[in-house]
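# Need a 3D model of the sequence below.
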Amino acid sequence: MAVSPCPVAGSHNGSAQLHPILKLVAQRVALSLLLLLAASVLIFVGTQILPGDVAQSILGQSATPEALANLRRDLGLNDPPVTRYFDWLFGALQGDLGTALTNGRDIAESLGGRLSNTLFLAFWAAIVSVPLAIMLGLVAVRYKDRWPDKLISGATLASISIPEFLIGYLLMFYLGVQLRWFPSVATIHDGMSLGEKLNTIALPVMVLTLVVLAHMMRMTRAAILNVMQSAYIETAELKGLSGLQIIWRHAFPNAIAPIVNVVMLNLAYLVVGVVVVEVVFVYPGMGQYLVDHVSKRDVPVVQACGLIFAAVYIGLNLVADLVSILANPRLRHPK
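Numbering: from 1, shown residues only. The predicted model follows:
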């Protein structure tokens with residue numbers, strides 16, 4: 001009689017160890033889906049309240065009332081806004097982003113290559129900026145309040161204080177026009193080799209790296225300095241470990257959660273915030289495509305680009321939340 005409760009208690013403890021993590025993961029996923037739904041509502045409402053008439057902007061000022069009425073009917077503009085929203089949302093969930101009003105082409109097909117170009121640019125910018133930011137953050141901690149720390153902090157603050165379009169034009173003038181090291185216009189196509197593509201996007205990658213480097217470096221520095229005040233760091237110092245060993249073995253692993261958060265936020269910016277850089281360097285990505293169709297008041301294209309940008313941003317933030325949860329030893333090993 002007294003033996004039977006023991007395995008039940010053991011099994012209960014085993015299931016309880018997984019419960020906090022699974023519960024938090026489910027909450028984060030549900031919250032991300034709700035945020036994406038709210039973003040879709042804001043995108044749709046924002047495009048609908050824009051001044052002017054879509055049909056009028058397409059046909060021009062000389063259009064007859066009959067032609068305007070026919071176009072409004074064909075575009076579904078006479079339907080209630082709620083009906084148009086759900087038609088657009090269900091179509092987007094099925095991969096149908098609609099048709100561009102200006103050229104009649106399928107938006108999903110047009111965005112396919114441009115989205116891959118934007119992700120290609122963001123990927124190589126992240127490959128350069130993330131390790132560089134973490135390395136500079138570690139060096140700044142190792143030489144805290146000394147000249148390397150002050151030099152790194154000053155240089156990164158200067159880079160983040162200058163608008164990215166100005167950095168782009170400066171690099172374009174000196175490295176592209178004066179020195180002719182890299183092309184000034186970053187136009188890539190499928191026929192180019194990887195080396196040619198990397199040489200072409202060198203200047204945009206430099207601009208994006210300078211923009212996100214300061215934030216990631218300073219957050220890495222702050223997170224590690226916060227951990228350096230812990231008792232186990234003092235114990236490591238008493239054991240005779242060097243400063244770099246303490247930072248790399250003890251401080252950095254315990255500061256990984258906030259570092260991952262800021263890295264993911266900046267990766268999201270590399271995808272969503274490339275609009276200005278793509279326009280400056282005439283890069284054939286989603287940002288350039290969005291700006292071209294905003295000027296033409298092509299509402300379906302604006303809605304599709306906004307929804308994709310929102311999904312990428314929310315998705316990367318979800319990954320950051322999940323990594324932070326899994327990196328927390330209190331959640332991995334609950335009492």
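# what residue lies at the spatial centre of this protein?
Compute the mean C-alpha point of the chain, and by C-alpha atoms, centre = their mean the closest residue is residue 268, 0.9 Å away.
# and residue 297, helix, strand or coil?
The three-state assignment at residue 297 reads coil, by DSSP: H, G, I helix; E, B strand; the rest coil.
# neighbours of it, just the number please.
Counted with other C-beta atoms under 10 Å, the neighbours of residue 297 add up to 19. (Each C-beta comes from the backbone N, C-alpha and C, glycine too.)
# my read: it touches residue 47, true?
No - if you go by C-beta atoms under 8 Å, residue 297 and residue 47 don't touch, sitting 9.5 Å apart.
# And the helix or strand hosting the residue nearest to the centre of the chain, what does it pack against?
Remark: residue 268 resides in helix 256-272, with elements defined by DSSP states H and E. Packing partners of helix 256-272 (3 or more C-beta pairs under 8 Å, 6 or more residues apart in numbering; DSSP states H and E): helix 107-142, helix 202-227, helix 299-326.
# Please name whichever of those is nearest to residue 30.
Of all the helices and strands packed on helix 256-272, helix 299-326 sits nearest to residue 30, with 10.4 Å by C-beta to C-beta.
# by how many degrees do that closest one and helix 107-142 diverge?
Here helix 299-326 points in a direction 40 degrees away from that of helix 107-142 (axes from the mean of the first three to the mean of the last three C-alpha atoms, to 10 degrees).
# tell me how far helix 299-326 is from the chain's mean position?
Put simply, helix 299-326 sits 7 Å off its chain's centre (C-alpha atoms, centre = their mean, to the nearest Å).
# So which elements touch that helix?
The helices and strands touching helix 299-326, judged by 3+ C-beta pairs under 8 Å, 6+ apart, are helix 5-48, helix 81-93, helix 107-142, helix 256-272, helix 286-295.
# Show the contacting residues for residue 324.
For residue 324, the contacting residues are 257, 258, 260, 261, by C-beta atoms under 8 Å, 6 or more residues apart in numbering.
# again, only using 10 Å
Applying C-beta atoms under 10 Å, 6 or more residues apart in numbering, we find residue 324 in contact with 24, 28, 256, 257, 258, 259, 260, 261, 264, 331.
# Dump the helices and strands packed on helix 299-326 into a markdown table; add mean pLDDT as well.
A markdown table is the format used below for those (pLDDT from 0 to 100):
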| stretch | mean pLDDT |
| --- | --- |
| helix 5-48 | 72 |
| helix 81-93 | 82 |
| helix 107-142 | 85 |
| helix 256-272 | 78 |
| helix 286-295 | 81 |
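# With distance to residue 310 added, can I get the ones you listed in CSV?
Below are these laid out as CSV (distance: least, C-beta to C-beta, whole Å):
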stretch, distance to residue 310
helix 5-48, 4
helix 81-93, 11
helix 107-142, 14
helix 256-272, 8
helix 286-295, 12
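# Flag the shaky bits of the stretch 151-300 of the chain, pLDDT-wise.
243, 250 (pLDDT under 70).
# Return the distance of residue 113 relative to residue 289.
Look at residue 113 and residue 289: by C-beta to C-beta, to the nearest Å, they are 10 Å apart.
# Neighbours of residue 248, how many?
14.
# Surely it and residue 138 touch.
Yes - the pair residue 248 / residue 138 is scored as a contact, 7.3 Å apart, by C-beta atoms under 10 Å.
# Nearest to residue 205, out of the helices and strands packed on helix 299-326?
Using C-beta to C-beta, the helices and strands packed on helix 299-326 put helix 107-142 closest to residue 205, at 4.9 Å.
# Identify each buried residue in the closest one, please.
Buried positions in helix 107-142, judged by neighbour count with 16 or more other C-beta atoms under 10 Å: 107-108, 110-111, 114-115, 117-122, 124-126, 129-130, 133-134, 136-142.
# Most widely separated two among the contacts of residue 324?
Greatest spatial distance among those (C-beta to C-beta): 24 and 259, at 19.5 Å.
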